[in-house]
Structure formats: structure tokens, C-alpha cells
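Visitor: this one's structure only:
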């Protein structure tokens with residue numbers, strides 16, 4: 001069921017372009033959704049075509065479209081008969097070709113004129129399933145051996161990263177319950193090392209939930225960590241991750257943009273600001289995002305990010321470092337945000353990061369999601 005839902009959203013533009021050729025009249029929304037899911041399964045899954053058609057026809061009464069059983073049957077059988085031509089014609093529009101809203105396509109093309117198509121295509125792939133090895137307890141080699149013994153094929157893709165060929169439930173991962181591995185994208189695994197936290201330092205993870213980066217920081221250094229987030233249920237995820245890994249942090253509920261509500265006045269040596277963003281760099285994990293976002297949302301995210309950075313900078317000690325992170329590919333949230341911050345804070349300088357491109361943008365590809373990193377030091 002999850003594959004059908006995620007896959008339909010991932011390829012929604014193409015599926016809509018196919019369906020528009022097969023049905024000329026407007027459809028009731030649930031009936032349209034049923035046909036889109038069925039066309040996705042016929043085009044992208046290994047399900048037997050006759051089973052897909054039969055199941056879709058059988059589902060029509062359950063969604064209040066019993067009178068449309070004949071229409072469902074006819075549409076799907078026509079698609080099967082003329083599939084190659086229908087799919088080819090669906091690519092005539094950019095939304096049909098790339099399965100993104102037109103405004104999103106235009107923005108990525110304007111900001112990345114040489115590789116815009118590759119960025120869009122990467123966002124439609126199945127995301128890699130990557131583990132983070134707890135290097136202070138075990139080694140990538142030992143974990144690879146455990147995975148192999150469990151019949152799970154994997155390869156090492158980073159200093160602490162192992163990528164499985166096929167995703168599996170965490171309950172089937174050897175070493176997960178014992179805290180030897182965590183699930184974390186390879187691009188996200190850069191955050192904790194880049195923050196460069198040292199033993200004994202006071203560290204703030206300003207938008208901590210669900211806790212992947214916070215626990216990674218604690219695995220790398222014996223720091224006094226404050227894990228801050230606005231949401232109660234999301235903070236529970238942080239607590240659960242800390243418990244599974246046997247790690248300790250001060251978990252605080254509060255708005256990072258309003259330090260007066262939660263800060264005790266003691267400055268931090270390191271701050272991780274993994275801020276709320278458009279999620280345009282992780283859209284393959286959240287394919288609904290590209291259809292829910294609107295162009296005006298990007299400016300709203302950017303304004304919130306500016307407020308967060310300005311507020312958090314007050315809580316950083318002189319000589320301390322703040323790592324700004326987004327999972328976005330849009331420059332308004334990334335390079336433009338970093339430039340704005342530097343222009344407003346004369347006591348800030350951007351620290352070069354050799355592990356990343358000069359602009360700090362890690363674009364999504366088959367190995368990792370899209371992330372932006374900017375490391376600032378306070379003079």
C-alpha cells in the first residue's frame with residue numbers, strides 16, 4: 001500500500017497526463033485517485049495487469065463509484081492496449097515529463113541551468129536506504145558482516161555509512177535494537193562531523209527532532225547537548241532515539257526563534273541549526289511535498305530561517321561555530337540565506353568546508369539526498 005501511495009505521488013504529473021488522454025470528462029476525486037493508482041501499478045509495478053484491473057473495478061463501489069465500474073474497466077484496458085503511445089504523449093508537457101509542478105521545474109532550471117533535469121530526475125528515484133554505523137562501538141566492516149549473515153546486501157558509502165540494496169523494516173536490521181546502527185541518509189551524516197564538537201563543550205541542536213543528528217553528535221564527542229524542538233510528539237521521538245542508543249541529552253521544548261522562552265543565558269560552543277525548509281532536497285522521501293508546496297511558501301520559509309539564525313546567533317559564544325543546514329535545493333533558503341546572514345552580522349565569518357562543493361550545496365543523486373551546509377564562526 002505504501003509503495004502505491006508514494007509511487008503515485010512520485011509520478012503524479014505523468015499519471016495525470018496519461019489519464020487525461022483516456023478520460024475527457026471531469027471525474028469525481030476518489031474515482032480519479034483510484035484510476036491514477038491503478039495506472040501507476042500498471043506502469044511501474046510488477047503486479048499482474050489483470051489483477052490490477054480486477055482490483056480497481058472491485059474497489060469502485062467501495063469509494064461510492066459503483067456505477068463507474070465499466071468506466072474503470074474500459075480506461076485501464078485502453079491504457080494497457082495503447083500504453084506506449086499514451087506514455088509517449090504524456091511527455092509532451094514538462095509536468096508530464098518530470099512529474100513536478102511547472103513553477104518548481106522553472107525554479108530549478110533557472111537556479112541550476114546546467115544540471116536542472118538531473119536534479120528533478122533524482123527527486124523521482126526511490127531513496128537509498130542508508131545506515132549510520134556507531135563508530136565508537138563497532139566498525140563498518142563488522143556491521144557489513146552482520147548484514148551479510150542476515151542475508152542483507154550492502155556496501156560502504158561513507159566513513160560511517162552503509163547503503164543496503166533493498167530497504168527493510170528496522171526490526172530486521174541486525175544491531176539496530178542494540179544501538180550499533182541508525183537509519184540516516186548519507187548526506188545527513190555530514191552534519192555532526194562538520195559541526196566539529198569537542199569533548200566538554202556545550203552544544204545546542206536547535207531543531208532536534210527526530211534526533212538523528214543529535215545522537216550522531218553524542219556518538220562523536222562527550223558534549224553537554226541541549227536538544228530543542230517545538231513539538232511535544234516530535235520531542236518524544238528524540239527521547240526514544242536517545243534511549244535506544246543509551247545516550248543522554250537535555251531535551252527542551254521551545255521555539256528556537258524565541259530564546260527568551262528557553263535559554264538560560266549560558267552561551268553555547270556549537271549550534272546545529274537544521275532549520276525547517278521546503279524539503280525540496282528530500283522530495284523522493286516525501287513526494288507529496290512537491291504537490292503541496294506553493295511558490296509563496298519558499299519566501300515564508302526563508303523569512304523564518306532568517307529569524308532563527310538571528311536569534312540563535314545571540315546564544316553562541318565568541319569563537320563558537322554554528323552550522324546552518326537545510327534539506328532544500330532552492331537558493332533562497334541556502335546560498336542567499338547565508339549571504340544575507342553574513343551581511344547582517346559583522347562578527348560572523350563563513351568557514352570553508354572541504355568535504356563539500358564551494359557553495360555548500362550537496363545536490364541529490366543516487367547515493368544521498370540534497371542538503372545545504374554553511375558553517376559560521378563567531379569572532
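Guide: Happy to help now that I have it. Remember, predicted model here, so these are calculated numbers, not experimental data.

Visitor: so how far is residue 179 from residue 243?
Guide: Residue 243 is 9 Å from residue 179, where distance means CB to CB, to the nearest Å. From N, CA and C alone the C-beta is placed, and that goes for glycine too.

Visitor: Among the two, which residue is more densely surrounded?
Guide: residue 179 (18 against 11; other CB atoms under 10 Å).

Visitor: Let me know how buried the residue lying closest to the more buried one once chain neighbours are set aside is, in neighbour terms.
Guide: Distances taken as CB to CB, 6 or more residues apart in numbering place residue 245 nearest to residue 179, at 4.3 Å, with adjacent residues excluded. Using other CB under 10 Å, residue 245 has 20 neighbouring residues.

Visitor: For residue 245, list the residues it contacts.
Guide: By CB atoms under 8 Å, 6 or more residues apart in numbering, the contact list for residue 245 reads 134, 179, 182, 215, 218, 219.

Visitor: Of these, grab the buried ones for ChimeraX.
Guide: Applying 16 or more other CB atoms under 10 Å to those, the buried members can be selected in ChimeraX as follows:
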select :134,179,182,215,218,219
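
Visitor: Include pLDDT when you put the contacts of residue 245 into TSV, please.
Guide: Formatted as TSV, those follow (pLDDT from 0 to 100):
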residue	pLDDT
134	98
179	97
182	98
215	98
218	98
219	98
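
Visitor: Give me the subset of the contacts of residue 245 lying in strands.
Guide: In strands, defined here by DSSP state E, the members of the contacts of residue 245 are residue 182.

Visitor: For residue 37, state which of the contacts of residue 245 is nearest.
Guide: Set against residue 37, the nearest of the contacts of residue 245 by CB to CB is residue 182 (32.5 Å).

Visitor: Please enumerate the helices of the stretch 151-300 of the chain.
Guide: Residue ranges of the helices in the stretch 151-300 of the chain, as given by DSSP state H, counting those that start in this stretch, are 191-195, 212-220, 232-245, 289-292, 295-313.

Visitor: ranking the ones you listed by mean pLDDT, which is last?
Guide: Ranked by mean pLDDT, these bottom out at helix 232-245, which scores a mean of 94.

Visitor: for the contacts of residue 245, which one is nearest residue 160?
Guide: Nearest to residue 160 among the contacts of residue 245, counting by CB to CB, is residue 134 at 7.9 Å.

Visitor: isn't that closest one right up against residue 220?
Guide: No. Residue 134 is beyond contact range of residue 220, at 9.9 Å (criterion: CB atoms under 8 Å).

Visitor: Provide a list of residues in contact with the residue positioned nearest the centre of the chain.
Guide: Geometric centre of the chain, nearest residue: residue 282, 3.0 Å, by CA atoms, centre = their mean. Contact analysis of residue 282 by CB under 8 Å, 6+ apart lists 127, 185, 289, 327, 364, 369, 370.

Visitor: Quick one, grab the pLDDT at it.
Guide: pLDDT, residue 282: 98.

Visitor: Out of the helices of the stretch 151-300 of the chain, which one sits most buried?
Guide: Among the helices of the stretch 151-300 of the chain, ranked by average contacts under mean count of other CB atoms under 10 Å, first place goes to helix 212-220 (a mean of 24).

Visitor: In this structure, what residue spans correspond to strands?
Guide: 129-133, 154-156, 161-164, 181-183, 202-205, 224-229, 250-253, 268-274, 316-326, 348-351, 361-362, 371-378.

Visitor: Let's have these in JSON lines, adding distance to residue 123.
Guide: Shown next, in JSON lines, are the strands of the chain (distance: least, CB to CB, whole Å):
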{"stretch": "strand 129-133", "distance to residue 123": "17"}
{"stretch": "strand 154-156", "distance to residue 123": "23"}
{"stretch": "strand 161-164", "distance to residue 123": "18"}
{"stretch": "strand 181-183", "distance to residue 123": "20"}
{"stretch": "strand 202-205", "distance to residue 123": "27"}
{"stretch": "strand 224-229", "distance to residue 123": "26"}
{"stretch": "strand 250-253", "distance to residue 123": "33"}
{"stretch": "strand 268-274", "distance to residue 123": "20"}
{"stretch": "strand 316-326", "distance to residue 123": "15"}
{"stretch": "strand 348-351", "distance to residue 123": "27"}
{"stretch": "strand 361-362", "distance to residue 123": "14"}
{"stretch": "strand 371-378", "distance to residue 123": "13"}
